[in-house]
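J.: sequence first, then the predicted structure:
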Amino acid sequence: MRKETEQHPIYSKNVIEFVTVAAEYCSFLEKAEQYEIKPFVDKMTKLLPLLYLKAALLPDLVSASEDDMPQFVTEEEYEYEHGLLQEKIGRYDEYLEVFNSDMQYSDTPVVASISEDLTDMYQDLKDMVANFQRADLNIMNDAILKCKDNFKEFWGQKSLNALRALHNVLYTSMEEDGELDGEDVGIIDE
């Protein structure tokens with residue numbers, strides 16, 4: 001029985017790597033207030049593509065239960081995290097959204113928020129990580145399944161949009177504002 005359980009796709013390299021990166025993403029956002037804007041943006045431009053890649057490599061799973069997945073991120077925690085990120089990113093937070101389906105019917109630009117994109121992703125990923133840590137095979141399976149479905153329908157595009165906006169902040173806006181001044185903004189060692 002143990003051998004059969006260990007061969008379950010939930011224990012595959014791709015799933016374990018995804019959960020690891022998702023946990024790192026959540027942990028980093030929870031400590032965002034410790035970082036200046038430049039190192040924060042720099043690290044996010046490295047975490048987001050890795051997270052996207054790892055999510056895209058998740059195996060196809062079949063639901064193991066009809067029960068709803070427990071949610072761990074409360075509305076208060078969401079609002080706290082969002083406010084923290086909004087303050088961290090500051091004047092760079094808003095960007096023009098070009099992939100919004102409402103854009104084709106709009107005479108005005110659709111404005112999106114990096115902090116909201118990152119917080120929406122955080123909520124889904126934190127719930128998945130917390131469910132995964134419960135170490136119940138069926139819950140772990142369904143947590144990954146739900147997260148992969150949400151990636152396809154929701155936060156995969158948000159991660160790309162946020163990455164595009166953060167890239168602009170790091171390599172254009174901050175340079176124009178004179179905030180880089182030749183400093184090395186390499187990845188943060190924790």
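T.: Nice, I can see it. Numbers count the residues shown, from 1 in each chain.

J.: which SS class is the residue minimising distance to the centre of the chain?
T.: Closest residue to the average C-alpha location of the chain: residue 121 at 4.0 Å, with Cα atoms, centre = their mean. Here residue 121 is recorded as helix under DSSP: H, G, I helix; E, B strand; the rest coil.

J.: residues in contact with the closest residue to it other than its chain neighbours?
T.: The shortest distance from residue 121 to any non-neighbouring residue, by Cβ to Cβ, 6 or more residues apart in numbering, is to residue 155 (4.6 Å). C-beta here means a position set from N, CA and C on the backbone, and glycine is covered the same way. Contacts for residue 155 (Cβ atoms under 8 Å, 6 or more residues apart in numbering) come out as 117, 120, 121, 124.

J.: any chance of the residues you listed in CSV with distance to residue 73 as columns?
T.: Listed next are those as CSV, based on distance: Cβ to Cβ, whole Å:
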residue, distance to residue 73
117, 15
120, 10
121, 11
124, 9
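
J.: phi, psi of residue 111?
T.: Note on residue 111: its backbone torsions stand at phi -100, psi 130 [degrees, to the nearest 10].

J.: list the contacts of it.
T.: By Cβ under 8 Å, 6+ apart, residue 111 lies in contact with 94, 95, 96, 97.

J.: any idea how far the residue nearest to residue 121 is from residue 112?
T.: Computed with Cβ to Cβ, to the nearest Å, the distance linking residue 155 and residue 112 is 13 Å.

J.: what ranges does the protein have for its strands?
T.: Taking DSSP state E as the test, the strands found in the chain are 94-97, 110-113.

J.: neighbouring strands - and their directions - for the last one?
T.: Sheet pairing for strand 110-113, assigned by DSSP bridges, gives strand 94-97 (antiparallel).

J.: identify the residues contacting the strand it pairs with?
T.: With contacts defined as Cβ under 8 Å, 6+ apart, strand 94-97 is touched by 103, 109, 110, 111, 112, 113, 114, 161, 164, 165, 168.
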